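A.B. asks: The sequence and its predicted three-dimensional model are supplied below.
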Amino acid sequence: MTLKSSEEISKERLARIEAAINLKEPDRVPFSGLGGDIIPAYSGITQYEYCFDYEKTRKAIVKFNKDFPCDWTFAAGFTGVGVPPFTYAFADYPDVSASVGMAMYGTIHDILGDKCTRYPGREIDKNCSPQFIGGTFMEPEEYDKLIEDPVGFISETVLPRICRNLETPRKAMAAMVRLGLEVEKITSFVQAVGKDLAELGYPSIPFTLGYAPLDLIGDGLRDEMNLLLDLRRYPDKVKRACEALIEPILKVGLALKPFGVKLAFIPLHLNEYLSPKLYKEFYWPYLKEVILRFLDEGIKSFVFFEGRHDAHLETILELPAGWGIAYFEKTDIRKAKKLLKGHTCVMGGVPISLIVSGTPEKIDAYIKELLDEVKPGGGFILAPSVGIAPRETPLENIKALIEAVEKYGKY
């Protein structure tokens, strides 16, 4: 038997993913694997090391992806959490926004001294995952300033409130120089990991980032509880702010278009907390506009519908067929696939609780039953409901999941 080269394996994996995105049946259901805390645990390093040590992180990523193969890996970079205002402060400078991205890595957390994240070995235990805690960095009377000049307001007013090391011009100059030097290190790290993964047969699927405007206000400016009150107290201003934020969101997302990106990843946060009425009034129109504008630029959206999105599923049908990927966390995946078949690529289906606390036998039976129902017609990517697996995830369960996909996923 002739072993396939890494290039051949990469082409096969990419073909599966692209077929599913294009609502077709590939040779087998594509499978997106796990990431998160299990990666450093598998290599015997702490979460602190995984967040701060480039070389140890690189080795851990390669080791995990080699031993637990999948078609589309998200276990490909430093562990970090997003701080939306930081990226959108540089929306007018695409070369900068393309470099800093949206992940507040541990090293950048140290440089900027941000108040809305906590990192292992710093504010929390060395084996805890990085945490986004948010905060209130804009007062309700400042909506007018946000509406008038969203990028200027975020960069000049909000960032110094979020980051201790940007509070004064002198501290900010030093922090920005350090940030520039660190971005070079991160870029080298990302390139090295990409090369390593290519040698393992993983396709390169570069993607950019997008945001739902209401989430940007809730996550980075007002915090979610205050924003939910604002919907009642200042509805018109919230809507105008969402409208004003569409352009900065697109500017940041399109900054990577020259590098060949074809997908925009958009994680949703407030969707499950809104009634259908509030969702259709304050959330969906602006998210829909972002998705459609990306599509006009030749970029499909890869939307992570966090929590339960069942109540809002039918709004997805307002988008053009083939618009992108709907990745569901807790939504009934069978219901979603039935409704969206031939219209939207559906992704997800494997509860992280099953992978963490189930048995290989239960996983095998579950995958068989699930794929029997959702596989026909294509347009489906199997994935954990959340791609971040805890340190204690049984390795035999991950292997059972991979084997079940090979056994039951073929068309």
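C.D. replies: Nice, I can see it. In this text, all values refer to a predicted model and were calculated from it rather than measured experimentally.

A.B. asks: max-length helix in this structure?
C.D. replies: Criterion DSSP state H: the longest helix present in the chain is helix 169-199.

A.B. asks: residues of that helix that come out buried?
C.D. replies: 171-172, 175, 178-179, 182-183, 186, 189-190, 193, 196-197 (16 or more other Cβ atoms under 10 Å). C-betas here are computed from N, CA, C, even on glycine.

A.B. asks: And A15, which helix or strand is it part of?
C.D. replies: Here A15 sits within helix 6-21, counting by DSSP states H and E.

A.B. asks: Mind giving me the packing neighbours of that helix?
C.D. replies: Packing partners of helix 6-21 (3 or more Cβ pairs under 8 Å, 6 or more residues apart in numbering; DSSP states H and E): helix 169-199, strand 380-384.

A.B. asks: Restrict the following helix or strand past the shortest one to CA atoms and write it as CSV.
C.D. replies: Once the chain leaves strand 380-384, the next helix or strand it forms, by DSSP H and E, is helix 395-408. Extracted C-alpha coordinates of helix 395-408, given in CSV (Å, rounded to 0.1, in the frame of the first residue of the first chain):
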residue,chain,number,x,y,z
LEU,A,395,-8.0,10.5,25.1
GLU,A,396,-9.8,7.3,24.3
ASN,A,397,-13.0,9.3,23.6
ILE,A,398,-11.2,11.6,21.1
LYS,A,399,-9.9,8.5,19.3
ALA,A,400,-13.4,6.9,19.3
LEU,A,401,-14.8,10.1,17.8
ILE,A,402,-12.2,10.1,15.0
GLU,A,403,-12.8,6.4,14.3
ALA,A,404,-16.6,6.8,14.2
VAL,A,405,-16.3,9.5,11.6
GLU,A,406,-14.2,7.2,9.4
LYS,A,407,-16.6,4.3,10.0
TYR,A,408,-19.9,6.0,9.5
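
A.B. asks: Give me the mean pLDDT for helix 395-408.
C.D. replies: For helix 395-408, the mean pLDDT works out to 97.

A.B. asks: hang on, the earlier thing: now do the longest helix of the chain: which elements does it pack against?
C.D. replies: helix 6-21, helix 54-67, helix 94-100, helix 106-112.

A.B. asks: Buried residues of the second one, list them for me.
C.D. replies: By neighbour count with 16+ other Cβ under 10 Å, helix 54-67 contains the buried residues 54, 56-58, 60-62, 64-65.

A.B. asks: just the strands in this protein please.
C.D. replies: With strands called from DSSP state E, the chain shows them at 80-82, 103-105, 117-118, 131-132, 207-209, 263-268, 300-305, 324-328, 345-350, 380-384.

A.B. asks: pretty sure N165 is in contact with G113, am I right?
C.D. replies: Yes: using Cβ atoms under 8 Å, N165 makes contact with G113 at a distance of 4.2 Å.

A.B. asks: Neighbour count for these two, which is higher?
C.D. replies: Counted by other Cβ atoms under 10 Å, N165 and G113 do not tie: N165 has more neighbours, with 18 against 14.

A.B. asks: dump the residue contacts of the more buried one.
C.D. replies: Counting by Cβ atoms under 8 Å, 6 or more residues apart in numbering, N165 touches 111-113, 171-172, 174-175.

A.B. asks: Now V29. Its backbone dihedrals?
C.D. replies: In terms of degrees, to the nearest 10, the main-chain angles of V29 are phi -60, psi 120.

A.B. asks: neighbours around the closest residue in space to it that isn't next to it in sequence, how many?
C.D. replies: Leaving out its chain neighbours, the residue that sits closest to V29 by Cβ to Cβ, 6 or more residues apart in numbering is G409, at 3.8 Å. Using other Cβ under 10 Å, G409 is surrounded by 21 other residues.

A.B. asks: wait, what's in contact with G409?
C.D. replies: G409 neighbours (Cβ under 8 Å, 6+ apart): 28-29, 31, 371, 375, 382.

A.B. asks: Show me which pair in those is furthest apart.
C.D. replies: Spatial extent of those (Cβ to Cβ) is set by the pair F31 and K375 at 12.0 Å.

A.B. asks: Of the contacts of N165, just say which sits nearest to T157.
C.D. replies: Nearest to T157 among the contacts of N165 is A172, at 13.2 Å by Cβ to Cβ.

A.B. asks: For the closest one, which non-adjacent residue is closest in space?
C.D. replies: A172's closest residue in space is L166 (Cβ to Cβ, 6+ apart), at 4.5 Å.

A.B. asks: swap in R293?
C.D. replies: Take R293 and drop its neighbours on the chain: the residue closest to it by Cβ to Cβ, 6+ apart is L250, 5.4 Å away.

A.B. asks: ok, the one you found touching L292?
C.D. replies: No: taking contacts as Cβ under 8 Å, L250 lies outside contact range of L292: 10.5 Å.

A.B. asks: Name the residue in the two with the higher neighbour count.
C.D. replies: More crowded of L250 and L292, by other Cβ under 10 Å: L250, with 21 against 14.

A.B. asks: Please give me every residue in contact with the more buried one.
C.D. replies: 210, 290, 293-294.

A.B. asks: quick one: low-confidence ranges for the stretch 51-200 of the chain?
C.D. replies: Residues of the stretch 51-200 of the chain meeting the criterion pLDDT under 70: 76-80, 101-104.

A.B. asks: how about a cut-off of 90?
C.D. replies: For the stretch 51-200 of the chain, applying pLDDT under 90 flags the ranges 74-87, 94-105, 183, 186-187, 190.

A.B. asks: So F31 and K375 - more neighbours on which side?
C.D. replies: The neighbour comparison of F31 against K375 (other Cβ under 10 Å) goes to F31, with 25 against 19.

A.B. asks: my guess is that one contacts T73, does it?
C.D. replies: No: using Cβ under 8 Å as the test, F31 is too far from T73 to be in contact (10.0 Å).

A.B. asks: residue contacts, A244?
C.D. replies: A244 touches 146-148, 150, counting by Cβ under 8 Å, 6+ apart.

A.B. asks: Over to V96?
C.D. replies: V96 makes contact with F90, according to Cβ under 8 Å, 6+ apart.

A.B. asks: ok, it to E373 distance?
C.D. replies: According to Cβ to Cβ, to the nearest Å, V96 stands 47 Å off from E373.
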